[in-house]
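Student: no sequence for this one, just the structure:
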């Protein structure tokens, strides 16, 4: 019997999930089943964290099942506590942003306790804004030559995050 390396299984499941998500009409049940299978693989915490975040986004964008999104958000939050490098900070801030989104949809008291005890709602919005702004700056190759358009990008981000 031949065993398939988990890295290959991981990539295959992600490919299947994306294929199911992008079909017309989308097969979200199959997509989520593939993503849930990824979580059960023995992969690093970043891959599991990204998968939980992807599941949360799919659920929030396509269903009203806040409780399932909340469960995955709590798991993502636990995994995000392992983030130490500045490169992975975006994952942690995305987790906080999704927690804030779920909070805005009035979820259960348990989730609210986690959110309130760790980071206030305003801090979440500011953190996400600054992380987004920092990623814009780091992507700008000519950092010393910021243009007027770059300034408008900041204003657009502020309008997007603080409504």
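Tutor: Cool, got the structure. Quick caveat: nothing in here was measured; it's all calculated off a predicted structure. Residues are numbered from 1 along each chain as shown.
Student: and residue 54, how many neighbours?
Tutor: Number of residues near residue 54 (other CB atoms under 10 Å) recorded here: 20. (C-beta placed from N, C-alpha, C; glycine too.)
Student: which residue sits closest to it in space, ignoring its chain neighbours?
Tutor: Using CB to CB, 6 or more residues apart in numbering and skipping the chain neighbours, the partner closest in space to residue 54 is residue 35 (6.1 Å).
Student: so who does that neighbour touch?
Tutor: Shown in contact with residue 35 (CB atoms under 8 Å, 6 or more residues apart in numbering): 13-14, 17, 51, 54-55, 58.
Student: Strands of the protein, residue ranges please.
Tutor: Counting by DSSP state E, one finds no strands in the chain.
Student: For it, give me the ranges with low pLDDT.
Tutor: Low-confidence segments of the chain (pLDDT under 70): 1-4, 106-163.
Student: Now do the helices in it.
Tutor: Along the chain, counting by DSSP state H, helices occupy 6-22, 28-40, 45-62, 66-80, 89-104, 109-118, 121-139, 148-161.
Student: quick one, the third one and helix 6-22 angle?
Tutor: Translated: helix 45-62. Relative orientation of helix 45-62 and helix 6-22, computed by axes from the mean of the first three to the mean of the last three CA atoms, to 10 degrees: 10 degrees.
Student: Counting neighbours, which bits of helix 45-62 end up buried?
Tutor: Across helix 45-62, burial judged by 16 or more other CB atoms under 10 Å covers 46-56, 58-60.
Student: before we move on, back to that, any idea which of the contacts of residue 35 is closest to residue 102?
Tutor: Using CB to CB, residue 55 comes nearest to residue 102 of these, at 12.7 Å.
Student: picking that back up, can you put the contacts of residue 35 in CSV and add distance to residue 82?
Tutor: Below are these laid out as CSV (distance: CB to CB, whole Å):
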residue, distance to residue 82
13, 22
14, 21
17, 23
51, 15
54, 18
55, 18
58, 23
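Student: May I ask which two of these are separated the most?
Tutor: 13 and 58, at 14.4 Å, using CB to CB across the contacts of residue 35.
Student: Distance check, residue 73 against residue 14.
Tutor: 20 Å (CB to CB, to the nearest Å).
Student: who's more crowded, the two?
Tutor: Just comparing residue 73 and residue 14: by other CB under 10 Å the higher neighbour count belongs to residue 73, 28 against 18.
Student: In contact with the more buried one: list those residues for me.
Tutor: Applying CB under 8 Å, 6+ apart, the residues contacting residue 73 are 52, 56, 95, 98-99, 102, 111.
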